[in-house]
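>>> fold the following, please.
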Amino acid sequence: MKKIDDIQDDELRVIGHSITSDTGRKSKAKLWALCAGVVIAVVVVVAIILTGKSEVGPVAEVFDPSAAMTPEEKIIETPWLGDYSDITGRAYTEHIQRTVNDIVLDIYIPHNAQPQLVIGSPDIHDERIVMTTQAADIRADNGKINGAFVLAGEPKAWGLSKKGYVAIIRDSVHIGVADSSPLFEEATETGGYFFRQYALVDNGTLVENKPKNKAIRKAICDRGGEIIVVMSQTQESFHDFAQALEDFGVDNAVYLVGADSDGYYRDYNGQFTQIHKNRKRAEPKYKNYIKWVEYESE
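Now for the predicted structure:
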């Protein structure tokens, strides 16, 4: 007979009342039931793993609406600002405002109209014109256009006064920066238009300019393929204005004559609004504008 404390590591001593045979049978039955349940659970888990199917319940899915769409139905985000829902094709200019870096910007978006250059003030009574604004600078010494300028295929001025350029070739507007651009020759060969001004944004990056004064600033911009005219409501430096254009997402921008230079636009309802009134003083002979005119009916 073993002593009371003679117990091996693999033995168990039960202390307390003795268990009757009936109770023992019930305990054994419960133990077998528990073991059987564990075995069944293990078999089910193994079956799930092997078959890859779950009977536990539905698995939550992340719904992606675009996954059920055809490529044509997928929503394409566009950076364009203008309202292009009108299908009548009428020519007009949309005017909206945005605030960037605490600078309030007036944004003008011509619709269904083609840009052209013109020397001399456009006729405010010509309802085919939906927007005008001054384009190239005039030299103070001789009153001529500052830098290369092509009017309907005819060169009116030459020279590299500023590296920024705007070329209008057929129905396309090209805005960029270059010492020499083949678009000058292409404009002369195709009856197009070309002028130079300060570059403000080049491929999404602002361009620094030497003038440090502040004035009302204006620019023609390419923003994701949409051609817009942007003007500050307050006097700003070249740097701050260009920075606002960059932060606004403009890809390329070239300066237009700013300060209180005159211009006007017509909205969707034909309402005429002057941006600044023409100053009552002698105008330079070569004062020029970029204007948007409704497309001629074929």
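>>> all helices in the stretch 101-250 of the chain, in order from the N-terminus.
183-190, 238-247 (DSSP state H, counting those that start in this stretch).
>>> mind putting those helices into TSV with distance to M231?
Backbone N, C-alpha and C define where each C-beta goes, glycine included. Shown next, in TSV, are the helices of the stretch 101-250 of the chain (distance: least, Cβ to Cβ, whole Å):
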stretch	distance to M231
helix 183-190	25
helix 238-247	9
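>>> closest to D260 out of those?
helix 238-247 (15.7 Å; Cβ to Cβ).
>>> in the closest one, what's buried?
Across helix 238-247, burial judged by 16 or more other Cβ atoms under 10 Å covers F238, D240, F241, A242, Q243, A244, L245, E246.
>>> tell me what that helix is packed against?
Contact analysis of helix 238-247 by 3 or more Cβ pairs under 8 Å, 6 or more residues apart in numbering; DSSP states H and E lists strand 92-100, strand 103-111, strand 199-202, strand 205-206, strand 215-223, strand 226-236, strand 252-256 as its packing neighbours.
>>> contacts for stretch 90-106, please.
Applying Cβ atoms under 8 Å, 6 or more residues apart in numbering, the contact partners of stretch 90-106 are 81-83, 107-113, 128, 130-131, 230-234, 236, 240-241, 243-245, 247-248, 265-270, 273, 292-295.
>>> for it, C-alpha coordinates in CSV please.
What follows is stretch 90-106, C-alpha atoms only, in CSV (Å, rounded to 0.1, in the frame of the first residue of the first chain):
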residue,chain,number,x,y,z
ARG,A,90,-25.2,78.5,-77.4
ALA,A,91,-22.1,80.6,-76.9
TYR,A,92,-21.7,82.2,-73.5
THR,A,93,-19.2,82.8,-70.7
GLU,A,94,-19.6,81.2,-67.3
HIS,A,95,-18.4,83.2,-64.3
ILE,A,96,-17.6,81.5,-61.0
GLN,A,97,-15.4,82.4,-57.9
ARG,A,98,-13.0,80.4,-55.9
THR,A,99,-10.8,81.4,-52.9
VAL,A,100,-7.2,80.0,-52.9
ASN,A,101,-4.7,81.0,-50.2
ASP,A,102,-7.1,83.8,-49.1
ILE,A,103,-7.1,85.2,-52.6
VAL,A,104,-10.5,85.5,-54.2
LEU,A,105,-10.3,84.5,-57.9
ASP,A,106,-12.8,85.4,-60.6
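>>> buried residues in it?
Buried-residue list, stretch 90-106, by 16+ other Cβ under 10 Å: A91, Y92, T93, E94, H95, V100, I103, L105, D106.
>>> could you do stretch 128-137 as well?
Buried residues in stretch 128-137, counted by 16+ other Cβ under 10 Å: I129, V130, M131, T132, T133, Q134, A135, A136, D137.
>>> ok, now which ones touch the second one?
Under the criterion of Cβ under 8 Å, 6+ apart, the neighbours of V130 are A91, Y92, T93, P110, H111, A113, Y265, R266, W292, V293, E294.
>>> leaving out the residues flanking it, which one is nearest to S161?
Excluding its sequence neighbours, the residue lying closest to S161 (Cβ to Cβ, 6 or more residues apart in numbering) is G147, at 3.5 Å.
>>> spatially, which two of the buried residues of stretch 128-137 are the most separated?
Greatest spatial distance among the buried residues of stretch 128-137 (Cβ to Cβ): V130 and D137, at 24.2 Å.
>>> which residues of the stretch 151-298 of the chain score low on pLDDT?
For the stretch 151-298 of the chain, the stretches with pLDDT under 70 are 277-281, 297-298.
>>> circling back to that earlier point, need the buried residues of stretch 128-137 in TSV with pLDDT, can you?
What follows is the buried residues of stretch 128-137, written out as TSV (pLDDT from 0 to 100):
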residue	pLDDT
I129	98
V130	98
M131	97
T132	97
T133	96
Q134	95
A135	97
A136	96
D137	94
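>>> rewinding a little: nearest to V118, out of the helices and strands packed on helix 238-247?
It is, among those and with distance given as Cβ to Cβ, strand 252-256, at 14.0 Å.
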